[in-house]
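J.: Need a 3D model of the following:
(2 chains)
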Amino acid sequence: MTTLAVEGLSVRYGAVEAVRGLSLEVQAGEIVGLIGPNGAGKSSTLHAVMGTAPVSGGDVRHDGRSLVGRRPEDVARGGVALVPEGRRIFGELTVEENLRLGLAARRSRASGSGLARAYGLFPMLQEFRRRHAGALSGGQQQQLAIGRALVAEPDVLLLDEPSLGLAPKIVDVVFEALGRIRESGLAVLLVEQRAQRTVAFADRSYVLANGELRLTLGPDDASDTERLVAAYLA
Amino acid sequence: MTLAFLNLTWPTIANGLALGGVYALMAVGIGLVFGVLRLVNFAYGQLIMAGGFALAYGAQWGLPNWVSILFCFGVVLALSVLMDRLVFRPLRTHSPAVMLVATFAIAFLLQNVALLAFGAYGKSAGSLAELNAPWDIGGVEIKKIAVIAVATAVFCLAVLQLLLTRTPLGLHMRAAALDFRTARLLGVRANRVIAGAVLISGAFAAVAAVMLSATEIQVTYSFGLQDTILVLAGVVLGGLNRPIPATLGGFAIGFASGILGGVLPSNQSQYLPAFLFAAVIVVLLLRPNGLFTRATGAVERV
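T.: Model (predicted):
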């Protein structure tokens, strides 16, 4: 069964239609990229999934059940986690408290402290767990934001520009972690500005412009710069 | 004592600490709801008034004190939940100005209901009056209620601190106060966090009602009103969006009010609120971000 399915989704803010009739799907164990210029509707798509953007048409299904009209906390508790744009970590709370917040959406209460998954993926978080999250560097905060999403043990992970504003070395850390997350069987929808890298890395990438799907690319298309540029400028 | 000419005695200081403690609890009650709803609940005083009338009825019916106090908690908590469900939640997405005016409306509505129901003179809640008798502590006579109020305030604040720092609900409440939208995206249930804040806030209002009714025995429609205005001033004085400074602000204004009430000659104590508010205005002119925040600290949250 398709883990996450977006079917003919439209998002409208007043007179502005940010997403128009978008359809895409993400299966368990695959990373799907969503790229396109600023204002293309990438973030709006993620927020429509989470229930924080106004859906004016179409549907979003998680394991066959519609998410449209649900409260964001219920979407999260249903197994869909978002790593929001700008990380949105709680700088005044400690690293560990930030991770514990991620437990709010966890469905099973069986396994351990629940934070092990985040610490396993990013050992730095365990080392700094008593520090205020605001004292971490941008790259460390991004790792915290991803770890916080994972402790909820979601089966769908949405990431909104996780590499934004990070040094190239840290971007490598983030992409490497995403690779391991894919291996663990999650369905990952990755919104990115780094088009070429995303296309090469993802199992499949959708190019969005003006709220509409323009192109679907596979990893082999990453070197086809002309096609990418054309999709952006179209 | 060098300040003897001001009549500043130990009993006066004890009364100041007691009023400071009660006002600190009220400040926390107002601050908790502000944290999650961005709503200044002007009707907080009417929760205290309702608690006062509950105690008065308990006394009239001849209930034992502990039953009266339970009844007071029941009435105040029920009214808190009612306010939340009927007014706060439906208006949650509106502007802060709309919500503030709505709480003004509730405040005056409840006051007038009380005026109609209980008359201008209200009712007597005399059953706790015996607590005004003094205890002899090291040769100084301190009112029992002063000791009890300080101890109760310390206990309540300590329990709250444990709740906020050691439990998932407390963590969720703190996160919601910092960034509600992100907290919800992480699975924090908005309704549960709001209900938690409203119930704790209501419980503190009930505690304040019990403490205030011991000294202010006649409960009228305006019971708790001036205290709430002073506490709101204290909360703003401390810094509205910072829990600890807001609590200190509440304590400070209660302490000042208690001390000034004790040292001013009784023919001048009617001007007490005027003095206090003049002081508040001066402080806000000098330190617009609040008394207990660093000069630049209050704007660090975007």
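J.: Taking chain A, what residue is nearest to chain B?
T.: residue A:105 (2.6 Å; Cβ to the nearest Cβ). The C-beta positions use only the backbone N, C-alpha and C, and glycine is treated the same way.
J.: so the closest residue to that residue other than its chain neighbours, which of the three states?
T.: In space, residue A:105 comes closest to residue B:187 once its chain neighbours are excluded; the distance is 2.6 Å by Cβ to Cβ, 6 or more residues apart in numbering or on different chains. Following DSSP: H, G, I helix; E, B strand; the rest coil, we place residue B:187 in the coil state.
J.: anything in stretch A:7-26 near chain B?
T.: No. In this structure, stretch A:7-26 remains apart from chain B according to Cβ under 8 Å from any Cβ of the partner chain; the gap is never smaller than 15.2 Å.
J.: What's the local residue count around the residue in chain B that chain A sits nearest to?
T.: Closest to chain A within chain B is residue B:187: 2.6 Å, counting by Cβ to the nearest Cβ. The tally of other residues near residue B:187 (other Cβ atoms under 10 Å in any protein chain shown) stands at 26.
J.: Next: residue B:70.
T.: By the other Cβ under 10 Å criterion, the neighbourhood of residue B:70 contains 15 residues.
J.: so where does it fall, helix or strand?
T.: Under the criterion of DSSP states H and E, residue B:70 resides in helix B:65-83.
J.: So what's the gap between the helix or strand that that helix is followed by and the chain middle?
T.: Helices and strands here follow DSSP H and E; after helix B:65-83, the next one along the chain is helix B:96-118. When C-alpha coordinates are averaged (Cα atoms, centre = their mean, to the nearest Å), helix B:96-118 and its chain have centres 17 Å apart.
J.: send the alpha carbons of helix B:96-118 over as PDB?
T.: Only the C-alpha atoms of helix B:96-118 are listed here, as PDB (Å, rounded to 0.1, in the frame of the first residue of the first chain):
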ATOM      1  CA  PRO B  96      -5.300  39.600  21.400                       C
ATOM      2  CA  ALA B  97      -7.400  42.800  21.600                       C
ATOM      3  CA  VAL B  98     -10.600  40.800  20.900                       C
ATOM      4  CA  MET B  99      -9.800  38.300  23.600                       C
ATOM      5  CA  LEU B 100      -8.900  41.000  26.100                       C
ATOM      6  CA  VAL B 101     -12.200  42.800  25.500                       C
ATOM      7  CA  ALA B 102     -14.000  39.500  25.800                       C
ATOM      8  CA  THR B 103     -12.400  38.900  29.200                       C
ATOM      9  CA  PHE B 104     -13.500  42.400  30.300                       C
ATOM     10  CA  ALA B 105     -17.000  41.500  29.200                       C
ATOM     11  CA  ILE B 106     -16.900  38.300  31.300                       C
ATOM     12  CA  ALA B 107     -15.500  40.200  34.300                       C
ATOM     13  CA  PHE B 108     -18.300  42.800  34.300                       C
ATOM     14  CA  LEU B 109     -21.000  40.200  33.500                       C
ATOM     15  CA  LEU B 110     -20.000  38.100  36.400                       C
ATOM     16  CA  GLN B 111     -19.700  41.100  38.700                       C
ATOM     17  CA  ASN B 112     -23.100  42.200  37.900                       C
ATOM     18  CA  VAL B 113     -24.600  38.800  38.200                       C
ATOM     19  CA  ALA B 114     -23.100  38.700  41.700                       C
ATOM     20  CA  LEU B 115     -24.400  42.200  42.500                       C
ATOM     21  CA  LEU B 116     -27.900  41.100  41.400                       C
ATOM     22  CA  ALA B 117     -27.700  37.800  43.200                       C
ATOM     23  CA  PHE B 118     -26.000  38.800  46.500                       C
END
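J.: Would you indicate which residues of that helix are buried?
T.: Counting neighbours by 16 or more other Cβ atoms under 10 Å in any protein chain shown, one finds that the buried residues in helix B:96-118 are B:99, B:102-103, B:106-107, B:110-111, B:114, B:118.
J.: what comes into contact with it?
T.: If you take Cβ atoms under 8 Å, 6 or more residues apart in numbering or on different chains as the criterion, helix B:96-118 is touched by B:37-43, B:45-46, B:49-50, B:53, B:83, B:87-88, B:91-92, B:122, B:220-222, B:225.
J.: any low-confidence regions in the chain?
T.: I'll assume chain A. Across chain A, the stretches falling below the confidence threshold (pLDDT under 70) are A:1, A:109-113, A:233-234.
J.: you looked at the wrong chain, it should be chain B
T.: Scanning chain B for pLDDT under 70 picks out the ranges B:1-7, B:293-302.
J.: SS state for residue B:272?
T.: State at residue B:272, reduced to three classes by three-state DSSP: helix.
J.: From the structure, what's the count of residues near it?
T.: For residue B:272, which is what you asked about, the neighbour count (other Cβ under 10 Å) is 16.
J.: For the helix holding residue B:70, enumerate the helices and strands it packs against.
T.: For helix B:65-83, the packing partners by 3 or more Cβ pairs under 8 Å, 6 or more residues apart in numbering or on different chains; DSSP states H and E come out as helix B:44-60, helix B:190-215.
J.: which bits of the stretch 151-300 of chain B sit near chain A?
T.: That would be B:168, B:171-172, B:174-175, B:178-179, B:181-190, which are the residues of the stretch 151-300 of chain B within reach of chain A (Cβ under 8 Å from any Cβ).
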